[in-house]
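> could you look at this predicted model? Sequence included:
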Amino acid sequence: MRENKHSGTCSKALRFIGFVHSGAYKLAAEMLGVTGPTAVIVPLLVGLIYQAGALFC
């Protein structure tokens, strides 16, 4: 991976978006009455995907 002056900003932005997106999934699950492992696993996976994407910035 190349380092440039914007790599930190890209990574931070993706992580922030991932947290917001994960939170939106969690809120939607609560509003729809989804409980159990699905309500935990889906937001967690969404957050992990954003974290993985942040590694490639």
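Cool, the structure landed.
> select the longest helix from this structure.
The helix spanning the most residues in the chain, taking DSSP state H as the definition, is helix 7-32.
> heading C-terminal from that helix, find the next helix or strand.
Tracing the chain C-terminally past helix 7-32 and defining elements by DSSP states H and E, one meets helix 37-55 next.
> mind listing what's buried in that next one?
By neighbour count on 16 or more other Cβ atoms under 10 Å, the buried set for helix 37-55 is 39, 42-43, 46-47, 50, 54. Quick note: C-beta positions are derived from backbone N, CA and C, even for glycine.
> tell me the one among the residues you listed nearest to Gly8.
Within these, distances to Gly8 taken as Cβ to Cβ reach their minimum at Ala54, with 10.1 Å.
> so that closest one sits against Leu14, correct?
Yes: under the criterion of Cβ atoms under 8 Å, Ala54 lies in contact with Leu14, with a separation of 4.1 Å.
> the residue lying closest to Gly23 once chain neighbours are set aside and Pro37, how far apart?
Distances taken as Cβ to Cβ, 6 or more residues apart in numbering place Pro43 nearest to Gly23, at 7.4 Å, with adjacent residues excluded. Pro43 sits 11 Å away from Pro37, going by Cβ to Cβ, to the nearest Å.
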